[in-house]
Structures are given as C-alpha cells and as structure tokens.
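Trainee: below: sequence and its predicted model.
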Amino acid sequence: QVQLVESGGGLVQAGGSLRLSCAASGRTFSNYAMGWFRQAPGKEREFVAAIRWSGGSTSYADSVKGRFTISRDNAKNTVYLQMNSLKPEDTAVYYCAADAVLITTRPGAYRYWGQGTQVTVSS
C-alpha cells in the first residue's frame with residue numbers, strides 16, 4: 001500500500017522559511033514525477049512544484065519561482081520543498097502527490113496523495 005506522509009508545516013512570520021518533507025512508502029517512484037500542491041480556504045487546489053525522480057528535472061509555479069526549491073533524496077524515498085521568503089499568500093494546506101508519468105501541473109495526473117500539512121504565514 002502506497003503512503004505519502006507530509007511533515008514540516010507550521011506557523012511562520014512573513015519572510016521566514018520552512019522545509020516540507022514527503023516520505024513515500026510502499027513502492028519506489030524512480031520513473032515518475034512527484035509534486036507539491038496547495039489549497040487555501042475557499043480556493044481550488046493549485047500546483048506549486050514538481051520533480052522527476054530520474055534526472056531531477058523540476059517545474060515551479062510562477063508565484064513561487066526563486067523562493068521555493070523542490071528536491072528529492074532517492075535513498076530515503078523522500079521529496080522536500082524548501083520554502084524561503086514566505087508571504088501571507090502562501091498560507092494553505094500543502095499536499096504531496098506522486099506517480100505522474102510526466103511533470104505536470106494537473107492534480108488529476110497524480111495517482112497518490114498525502115494527507116496535507118498546514119502552512120500559515122503571518123504578516
């Protein structure tokens with residue numbers, strides 16, 4: 001059974017940093033992409049960043065480019081999202097997603113999802 005477990009969320013002041021982790025178990029995703037999405041209250045889930053396990057190519061939403069960095073540790077089967085220069089508008093529940101064939105911004109392309117971790121940025 002595949003499980004994705006996110007951690008690292010919390011409350012931070014504007015301008016601060018957080019690092020989210022997504023630990024995958026149940027299988028490896030060596031030929032697939034994993035992504036981070038977020039959903040704020042009353043809004044649709046939106047793409048944040050994605051990475052391919054093999055080769056490490058990445059993609060970012062324009063709103064986070066230059067501030068967020070996605071990375072992976074193959075040995076730990078874990079994906080990270082380093083978030084710097086956080087803004088109040090980054091406040092949302094952040095979800096890890098896995099098993100997309102290609103890097104994509106479409107949530108429906110990802111087969112597995114974590115339970116989410118709350119990130120709150122105060123002004």
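Mentor: Here it is on my side, so go on. What you see is a predicted model; the values in this text were computed from it and never measured.

Trainee: now the helix or strand where residue 50 lies: buried residues?
Mentor: Taking DSSP states H and E as the definition, residue 50 sits inside strand 46-52. By neighbour count on 16 or more other C-beta atoms under 10 Å, the buried set for strand 46-52 is 47, 48, 49, 50, 51, 52. Where you see a C-beta, it was placed from the backbone N, CA and C, and this is true even at glycine.

Trainee: and the least confident of these?
Mentor: Across the buried residues of strand 46-52, the bottom pLDDT score, 90, is held by residue 52.

Trainee: not counting sequence-adjacent ones, nearest residue to that one?
Mentor: Nearest non-adjacent residue to residue 52, counting by C-beta to C-beta, 6 or more residues apart in numbering: residue 33, 4.9 Å away.

Trainee: need the contact list for that neighbour.
Mentor: Neighbour list for residue 33: 50, 51, 52, 53, 98, 99, 100, 101, 102, 103, 104, 110 [criterion: C-beta atoms under 8 Å, 6 or more residues apart in numbering].

Trainee: from residue 122, how far out is the first one?
Mentor: The one in question is residue 50. Residue 50 is 28 Å from residue 122, where distance means C-beta to C-beta, to the nearest Å.

Trainee: sorry, back to before: can I get the strand holding residue 50 as CSV, trimmed to CA atoms?
Mentor: Output of strand 46-52 as CSV, limited to C-alpha atoms (Å, rounded to 0.1, in the frame of the first residue of the first chain):
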residue,chain,number,x,y,z
GLU,A,46,-3.1,24.7,-7.1
PHE,A,47,0.2,23.5,-8.4
VAL,A,48,3.4,24.5,-6.5
ALA,A,49,6.3,22.5,-7.8
ALA,A,50,7.2,19.1,-9.2
ILE,A,51,10.2,16.9,-9.8
ARG,A,52,11.1,13.7,-11.6
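
Trainee: all set now, cheers.
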